[in-house]
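S.K.: from the sequence below, what's the structure:
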Amino acid sequence: MRWGVRALTGVVFMIEAVLFDIGDTLIHFDRSHPRRLLTAAVRPVHEQIVSSGFPAPDLGSYEKVVWNRIVRSFLWARVRRRDVDLVRTLGAVHRRLGIPLSGDKLTDVMATCAGTIGEFLHTDPQAEPVVRALHSAGFRLAIVSNVFLPGAAVDGALRMAGLFEYFATRIYASDVGYRKPQKGIFRLALRRLNVEPARAIYVGDHLRNDIHGASRVGMCTAWLAARGSTASGRRGPDYVIRELSQLLPILQVG
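M.R.: Below you'll find the predicted structure:
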């Protein structure tokens, strides 16, 4: 455990746990080609359908049906303040197409998509060294992330990045049903870590989802801000960092 200081208040807390966002914090996602990303994500599912002898449209037609369903699911999820569950969405598509592939079997297939989406992922070069240093220093580590891929697929991406072994606690919005900045997703992670909010720091790049959300449950926060960005609003971050390595001196590691 290390001592951390709340930069805005001057109050000192003993920080026991560090919780991270994934997207644009530990791993950067190329969102410039969303349809190509979708194709890469659902390709293993389509291949499983074909190899199993189920009636299926060609990949392009299958992708189009899935894309339309995801757009509708995404809009409805925003209304309900939930995240899109890709497994459930694909299950609905399959029922419409008369394809008996859903549930656990579909989840197992989706777990293989990490390899096919690898070209769209770029691990921050500081992620593994920083996370390793925190782990070695005795901090409890966790992931809390808004993702639409099933947890097994995100786990695969973490393995590719060399990060999976450090995070025994991983909370994905697609699995638990609610998303940041809702308090519940942060509280769930804290319960699994068995740590009080004031003894945890959350690290993320999104002011509303990450910083404001974590602050509302009483956590210390570190905003990984793009260069030139400034914080605004009542719930500003306790720390502003421009790169992950700046987290280590805050927590007196190294």
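
S.K.: what's near enough to touch Glu165?
M.R.: Not one residue lies near Glu165 by C-beta atoms under 8 Å, 6 or more residues apart in numbering. Heads up, the C-betas are built off the backbone N, CA and C, glycines and all.

S.K.: how does it look with 10 Å?
M.R.: By C-beta atoms under 10 Å, 6 or more residues apart in numbering, Glu165 lies in contact with 131-132, 135, 158-159.

S.K.: mind putting the residues you listed in CSV, secondary structure and distance to Ser73 included?
M.R.: Formatted as CSV, the contacts of Glu165 follow (DSSP: H, G, I helix; E, B strand; the rest coil; distance: C-beta to C-beta, whole Å):
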residue, secondary structure, distance to Ser73
Val131, helix, 32
Arg132, helix, 37
His135, helix, 36
Leu158, helix, 24
Arg159, helix, 27
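
S.K.: from the residues you listed, pick the one nearest Asp85.
M.R.: Set against Asp85, the nearest of these by C-beta to C-beta is Leu158 (19.3 Å).

S.K.: grab the nearest non-local neighbour of the closest one.
M.R.: Phe164 (4.0 Å; C-beta to C-beta, 6 or more residues apart in numbering).

S.K.: my read: that neighbour touches Leu141, true?
M.R.: No. Assessed by C-beta atoms under 10 Å, Phe164 is found out of contact with Leu141, at 11.1 Å.

S.K.: hmm, back to that, show the buried residues in the contacts of Glu165.
M.R.: Using 16 or more other C-beta atoms under 10 Å as the burial test, the contacts of Glu165 include 131, 158 as buried.

S.K.: how about Pro55: what's its closest non-neighbour residue?
M.R.: Pro55 sits nearest to Gly98 (C-beta to C-beta, 6+ apart), 6.4 Å away.
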